[in-house]
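Q: coords please:
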Amino acid sequence: KISGKIAKEVFEVMFKSKKSPINIVEEKGLLQLTDTNEIEIIIDKILDLNKEKVKDYKTGKTKLLGFFVGQAMKLSKGRANPKILNEILLKKLS
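A: The predicted model follows:
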């Protein structure tokens, strides 16, 4: 339900506040984003802002996939489900 990165944040807050992890996740809205429509919107924004890099990717610079994933994770504040994000991203880039 949460990513590893978010788990570290929750653990820190747990340690300091003595609150339960469930309460922290709910209070801070840290549940992992799995809605494909929301993830698709994020990816569309990233691809639209980086049209040159999309062209480069399509001409063989496939290492740019990591760049797109990183930008999407940044925009989702680390909440996007990586598996779903990668599937949608690959589909849109093909």
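Q: ok, residue 58 - contacts?
A: Residue 58 makes contact with residue 93 under the criterion CB atoms under 8 Å, 6 or more residues apart in numbering. (Each C-beta comes from the backbone N, C-alpha and C, glycine too.)
Q: and if we set it to 10 Å?
A: Residues in contact with residue 58 (CB atoms under 10 Å, 6 or more residues apart in numbering) are 64, 93-94.
Q: Could you do residue 43 as well?
A: So residue 43 contacts 68-69, 71-72, 75-76, 80, 85, 88-89, 91-93 (CB under 10 Å, 6+ apart).
Q: Please report phi then psi for it.
A: phi -60, psi -40 (degrees, to the nearest 10).
Q: same deal with residue 81?
A: Residue torsions, per degrees, to the nearest 10, at residue 81 are phi -70, psi 120.
Q: Excluding chain neighbours, give the residue nearest to it in space.
A: Distances taken as CB to CB, 6 or more residues apart in numbering place residue 34 nearest to residue 81, at 4.8 Å, with adjacent residues excluded.
Q: my read: the one you found touches residue 87, true?
A: No - the pair residue 34 and residue 87 does not pass the contact test of CB atoms under 10 Å, sitting 11.7 Å apart.
Q: Quick check: neighbours shared by the two?
A: Here residue 34 and residue 87 share the contacting residues residue 81, scored by CB under 10 Å, 6+ apart.
Q: Could I get the contacts of residue 43 in a markdown table, plus columns for pLDDT, distance to residue 16 and neighbour count?
A: As requested, the contacts of residue 43 are exported to a markdown table (pLDDT from 0 to 100; distance: CB to CB, whole Å; neighbours: other CB atoms under 10 Å):
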| residue | pLDDT | distance to residue 16 | neighbour count |
| --- | --- | --- | --- |
| 68 | 97 | 35 | 22 |
| 69 | 96 | 31 | 17 |
| 71 | 96 | 31 | 18 |
| 72 | 96 | 30 | 22 |
| 75 | 94 | 28 | 16 |
| 76 | 91 | 25 | 20 |
| 80 | 90 | 26 | 25 |
| 85 | 95 | 30 | 22 |
| 88 | 96 | 36 | 19 |
| 89 | 96 | 36 | 20 |
| 91 | 96 | 41 | 10 |
| 92 | 95 | 40 | 14 |
| 93 | 95 | 41 | 15 |
